[in-house]
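>>> Provide a 3D model corresponding to the input given below.
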Amino acid sequence: MPRHVRWVVTTLVGHGFRAHAVGGAVRDLLWGLRPVDWDVATSAEPRYVLSVFPRAIPTGVRHGTVTVLCPAPEASSPLQVDVTTYRAEGPYSDLRHPDSVRFGVSLAEDLGRRDFTVNALALGLEGRVTDPFGGRRDLVRRLIRCVGDPNKRFAEDALRMMRAVRLCADLSFGLDRATAQAIRAYAALLPRIAVERVREEFDRCLVGPAPGRALELMRTLGLLGFVAPELLEGVGFEQNEHHAHTVWEHTLETVAKVPADLPLRLAALLHDVAKPRTLSVEDGRRHFLGHEKVGAELAVAILSRLRYDRVTTDKVVHLVRHHMGHWQPEMKDAAVRRLINRVGPENIPDLVALRRADRQAAGPQEGPTGPRTAVLLVRIERLVREDQAFTIADLAITGEDVIRVARIPPGPQVGLILRRLLEEVLETPTLNESSRLEERVREMVHPATRPGTR
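Predicted coordinates:
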């Protein structure tokens, strides 16, 4: 136990109460992982917990939970431990929280209300593990299994179905057969959970160590259709000679190959979502013209339905819209700079990562575009690193300089001149010097002053 958790347990025991570390932290500790969040269960009712600890927050007193702020001289702020009273629970009318709780039960009864056996573990100060439901055995078997009747567990809290998927994927565990059957039977309850809660679990699946496995489990268990049914259109949908995999298989590979950044993994998930809707066949060849544009529209609908924030939505939609981007290997540097200008230099690292993963996930049938595309991506990264001018803000002169040199009032003409200057700098970066740009401004405003003219 970390020092601050041991302090909480020791303090409670010192006041005559029983207390144990419980839940996922104990599971991770036994599995050899470093726990992040620690929870403590105790026989002390919330009013006693609040009286025992001078710094405590009644975060969920109705359900028996108090957050204790622990002294941590080595940390910049107090460490938090959620302390919950041993309890039994009544019905779950909202499929998320119990309508009522009853205190005064034993530790074993408290563990019996938990979701999975590997989470129904308790650790005492002396190092003894309390395991009334075979959680340690399931750890050895690498199995996620519900405590008691899985049908009852999911009828109580439908979000547990998403948590089962996440645990299986993150820990590389299998799913107990009865638990899997119950998820399929109760999958239709998922829309009755607040979409924000479902999205939180979905996000944790996406940024976890095995997002492809989590997504495939969601599909086979019948959950994906209640989160993003549009993705199911790609299951079994063949592509063309440049792809060895179906749209769905390719999507899973792409998601797994991009860094664990939420907007980037969402973009990888949705980058080809419109391929089934844009299929055309010409001379026996399958094409998906404009799938990136239609995909961007579908991404807006999906992300809005899941209530992602505006910043995340805009980023993902932008990446989906530009993931094809006419990234032709034969592009000259000037054309590459115009591409960077069009998509925004701040988006280039993510777009390069997405494009690289997209091509890597195409499989052995990728064709001759693979190595050439890889060389292009390296060129793009090099140009961005060279810190060249890609936007008007990167020019060596400003709108005020244009007004001063051209002797014109503020207005649309200033913006027009700056855009013309940027076009020239994108073609020839060495022009981006204040003296040379000011000379070009004079030539644009007074063409007769250009050398060789009368």
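
>>> need the three-state assignment for Val26.
helix (DSSP: H, G, I helix; E, B strand; the rest coil).

>>> next up, the contacts around it.
Residues in contact with Val26 (Cβ atoms under 8 Å, 6 or more residues apart in numbering) are 35, 121-123, 129. For the C-beta atoms, the positions are set from N, CA and C on the backbone; glycine is no exception.

>>> give me the below-cutoff pLDDT ranges for this protein.
75, 325-327, 364-370, 372-373, 387, 448-454 (pLDDT under 70).

>>> all the strands of it, in order from the start?
Counting by DSSP state E, the chain has strands at residues 19-22, 39-42, 56-60, 65-70, 79-85, 87-89, 101-103, 122-123, 129-130, 143-144, 174-175, 280-282, 285-287.

>>> contacts only, for the residue nearest in space to the middle of the chain.
Centrality entry for the chain: nearest residue to the mean C-alpha point is Leu262, 2.5 Å, by Cα atoms, centre = their mean. By Cβ under 8 Å, 6+ apart, the contact list for Leu262 reads 203, 206-207, 312.

>>> could you chop this protein up by domain?
1-135, 142-227, 254-378, 392-449 (automatic domain parsing).

>>> in TSV: those domains, plus distance to Glu238.
As requested, these are exported to TSV (distance: least, Cβ to Cβ, whole Å):
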stretch	distance to Glu238
domain 1-135	38
domain 142-227	17
domain 254-378	7
domain 392-449	40
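
>>> nearest to Val384 among the ones you listed would be which one?
Among the domains of the chain, the nearest to Val384 by Cβ to Cβ is domain 254-378 (5.1 Å).

>>> about what we covered before: ok, now how distant is the residue nearest to the centre of the chain from Gly234?
For Leu262, the distance to Gly234 equals 21 Å [Cβ to Cβ, to the nearest Å].

>>> so what's the gap between stretch 210-230 and the chain middle?
Taking Cα atoms, centre = their mean, to the nearest Å, one finds stretch 210-230 lying 15 Å from the centre of the chain it belongs to.

>>> what residues of it count as buried?
210-219, 221-224, 226-228, 230 (16 or more other Cβ atoms under 10 Å).

>>> then stretch 13-21?
13, 17-21.

>>> number of residues surrounding Ala180?
Using other Cβ atoms under 10 Å, Ala180 has 19 neighbouring residues.

>>> my guess is it meets Ala187, correct?
No. Taking Cβ atoms under 8 Å as the definition, Ala180 is not a contact partner of Ala187, at 10.8 Å.

>>> residues that sit against both of the two, list them.
Leu221.

>>> can you tell me how far the nearest residue to Phe237 once chain neighbours are set aside is from Lys332?
Take Phe237 and drop its neighbours on the chain: the residue closest to it by Cβ to Cβ, 6 or more residues apart in numbering is Val247, 4.5 Å away. Look at Val247 and Lys332: by Cβ to Cβ, they are 33 Å apart.

>>> and stretch 328-342, how far out from the chain middle?
With Cα atoms, centre = their mean, you get 29 Å for stretch 328-342.

>>> kindly report the same for stretch 270-280.
Worked out by Cα atoms, centre = their mean, stretch 270-280 lies 22 Å from the chain centre.

>>> and the closest residue to Ser304 other than its chain neighbours, how many neighbours?
Sequence neighbours aside, Thr313 is the residue nearest to Ser304 in space, at 6.8 Å (criterion: Cβ to Cβ, 6+ apart). For Thr313, the count of nearby residues is 19 (other Cβ under 10 Å).

>>> so Ala362 touches Glu241, yeah?
No. With contacts counted by Cβ under 8 Å, Ala362 stays clear of Glu241, the gap being 10.4 Å.

>>> okay, the two: which has more neighbours?
The neighbour count for Ala362 versus Glu241, taken as other Cβ under 10 Å, is higher for Ala362 (21 against 10).

>>> what's near enough to touch that one?
Counting by Cβ under 8 Å, 6+ apart, Ala362 has contacts 242-245, 250, 370.

>>> which member of the residues you listed is positioned nearest Pro98?
Looking across the contacts of Ala362 and measuring by Cβ to Cβ, the closest to Pro98 is His250, at 42.7 Å.

>>> and the residue lying closest to that closest one once chain neighbours are set aside, how many neighbours?
Of all residues not flanking His250 in the chain, Ala361 sits nearest, at 5.3 Å (Cβ to Cβ, 6+ apart). By other Cβ under 10 Å, 24 other residues sit near Ala361.

>>> next, Ala361: phi, psi?
Main-chain torsions, Ala361, degrees, to the nearest 10: phi -80, psi 0.

>>> list the buried residues of stretch 87-101.
For stretch 87-101, using 16+ other Cβ under 10 Å, the buried residues are 87-89, 95, 98, 101.

>>> what's the offset of that stretch from the middle of its chain?
Relative to its chain's centre, stretch 87-101 lies at 30 Å (Cα atoms, centre = their mean).

>>> list the contacts of that stretch.
62-64, 102-103, 105, 109-110, 113, 155-159, 189, 192-194, 197.

>>> do that again at 6 Å, thanks
Contacts with stretch 87-101, where a contact means Cβ atoms under 6 Å, 6 or more residues apart in numbering, come from 63-64, 102-103, 105, 109, 113, 156-158, 189, 192.

>>> then that stretch to CSV, C-alphas only?
Output of stretch 87-101 as CSV, limited to C-alpha atoms (Å, rounded to 0.1, in the frame of the first residue of the first chain):
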residue,chain,number,x,y,z
ARG,A,87,-23.0,-1.4,2.2
ALA,A,88,-25.7,-3.5,0.6
GLU,A,89,-27.7,-2.0,-2.3
GLY,A,90,-31.3,-1.7,-3.3
PRO,A,91,-32.7,-1.7,-6.9
TYR,A,92,-31.1,0.3,-9.7
SER,A,93,-34.0,2.2,-11.3
ASP,A,94,-31.8,4.4,-13.4
LEU,A,95,-29.5,1.4,-14.4
ARG,A,96,-26.6,3.3,-13.0
HIS,A,97,-27.0,4.0,-9.2
PRO,A,98,-28.8,2.1,-6.5
ASP,A,99,-32.0,3.7,-5.3
SER,A,100,-31.0,3.1,-1.7
VAL,A,101,-28.1,1.6,0.3
